[in-house]
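[1] next come a sequence and a model predicted from it.
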Amino acid sequence: MPEITVPSPLGLLAIEEDNGALVALHWRRARKEKPTPLLQRAAEQLAEYFAKRRRDFDLPMKPAGSPFEHAVWDAMLRIPYGQTRSYGEVAREVEGDARDVGAACGTNPLPILIPCHRILAGGGRLGGYSGKGGGETKTMLLTLEGALLV
């Protein structure tokens, strides 16, 4: 699969493409640089996001996952920039369990692009984050977006 390395305030990010859609984002250097027009567009949009010039991503994404994971990821995409929801709120939206929502957050193959960092634990607590740096990275992303942490 084609990959590209994207520098970011979080370190190097590798974005993968498969059949014209983004499928994964990892905290590492791309194994084999093969920039495609889509990957270059994704790199540009991520740079704009980190520079606070972009709030939404306009990129084709096709992450692999179960129907429930896709329902959770779709719910994440509906959370506006700078806002948060709780695991429980998302669970009610997708008619699931808060723990299962947390598990779907943890398996999100396109963090940042599919904003799992916008989901908090009950009472406004930070909760977990599966990306490199865990809670520190989640806090940085929420701070970048101006989301309030209670």
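    Perfect, thanks for sending it.

[2] in three-state terms, label the nearest residue to Gly133 once chain neighbours are set aside for me.
    Of all residues not flanking Gly133 in the chain, Leu10 sits nearest, at 6.7 Å (Cβ to Cβ, 6 or more residues apart in numbering). (C-beta placed from N, C-alpha, C; glycine too.) Following DSSP: H, G, I helix; E, B strand; the rest coil, Leu10 is assigned to coil.

[3] for Leu10, grab phi and psi.
    Main-chain dihedrals, Leu10, degrees, to the nearest 10: phi -90, psi 0.

[4] give me the neighbour count for it.
    Leu10 has 20 neighbouring residues, counting by other Cβ atoms under 10 Å.

[5] then Leu126?
    When neighbours are defined as other Cβ under 10 Å, Leu126 has 17 of them.

[6] what confidence value was assigned to it?
    On the pLDDT scale, Leu126 is placed at 83.

[7] leaving out sequence neighbours, find the closest residue to it.
    When the adjacent residues along the chain are set aside, Leu126 lies closest to Gly135, with 5.3 Å between them (Cβ to Cβ, 6+ apart).

[8] kindly report the same for Arg99.
    Ranked by Cβ to Cβ, 6+ apart and with sequence neighbours excluded, the top spatial neighbour of Arg99 is Tyr87, at 7.7 Å.
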